[in-house]
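Student: Please find the sequence and the predicted model below.
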Amino acid sequence: RMASKDQIVIDPTAIVSPEARLSGNIYIGEATVINPKAIILAEGGPIRIGKCNIIDEYAIIVNRPLNTRDLLHKEKDVTREMVIGDANLFETGSQVMAQYVGDCNTFETKSQVLEGSKVGSGIIVGLGCQVPPETTLDDCTAFSGPLCMPMPLASNHKQRHLEIHNRHLAHLHKVKKLLQQKK
């Protein structure tokens, strides 16, 4: 699960399945839940995951090296930190390679946010949507449909997301406690 070069720091209130695959320099914030078979790879620099995130089965979060050309036109890989805010939901099979993810976002099943993108807060990336590399997603917007078209969300969307998300998170932590009592 961990190679010798890995530096993984997990807040004591977080729940990380031993079946999740973590590699690289990763910080996991308080009350975050990482389910079995989730994959988090810090290949191109560290990944900092905030508090109260839910990362479902088979969700993939990857910080890849940024390939750039220097002034002499030599290709080189540049490392940079990937930051994920608070109260985000990464549904089963979602893939996120964004450089920055704000708060209260939902990445639905099989959605993809490609390298270098910046995701604001209160965003829904719909089922199967693919967000191209280096894209900035504005706050309180849903991206859905075959063309992944943006649509504004209601002004109270982030509050509604938090209410549902917190109930889901509380349930996951309750299940953990019940499982620990049975041991």
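Tutor: It's in. Quick caveat: nothing in here was measured; it's all calculated off a predicted structure. Numbers count the residues shown, from 1 in each chain.

Student: Show me the helices in the chain, by range?
Tutor: In the chain, the helices defined using DSSP state H lie at 157-182.

Student: quick one: low-confidence parts of it?
Tutor: By pLDDT under 70, the weakly predicted segments of the chain are 1-4, 67-78, 183.

Student: my read: Ile10 touches Val16, true?
Tutor: Yes: counting by Cβ atoms under 8 Å, Ile10 touches Val16, with 5.5 Å between them. In this view, the C-beta of every residue, glycine as well, is placed from N, C-alpha and C.

Student: Can you check which residues contact both of the two?
Tutor: Counting by Cβ atoms under 8 Å, 6 or more residues apart in numbering, the residues touching both Ile10 and Val16 are Ile28.

Student: which of the two has more neighbours?
Tutor: Legend: neighbour count by other Cβ atoms under 10 Å for Ile10 and Val16, higher for Val16 (21 against 17).

Student: Enumerate every residue touching the more buried one.
Tutor: So Val16 contacts Ile10, Leu22, Ile28, Thr32, Val33, Ile34 (Cβ under 8 Å, 6+ apart).

Student: State the pair within these that is farthest apart.
Tutor: Put simply, by Cβ to Cβ the two of the contacts of Val16 set farthest apart are Leu22 and Val33, 13.6 Å from each other.

Student: Please name the residues that touch Phe90.
Tutor: Applying Cβ under 8 Å, 6+ apart, we find Phe90 in contact with Ala38, Asn53, Ile54, Ile55, Asp56, Ala59, Ile61, Val96, Phe107.

Student: Setting the sequence-adjacent residues aside, check what's closest to it.
Tutor: Distances taken as Cβ to Cβ, 6 or more residues apart in numbering put Ala59 closest to Phe90, at 4.0 Å, once the chain neighbours are dropped.

Student: Quick check, that neighbour in contact with Thr92.
Tutor: Yes: using Cβ under 8 Å, Ala59 is in contact with Thr92, at 6.5 Å.

Student: Compare the two and say which one has the larger neighbour count.
Tutor: Neighbour totals were compared for Ala59 and Thr92, and Ala59 leads with 25 against 15 (other Cβ under 10 Å).
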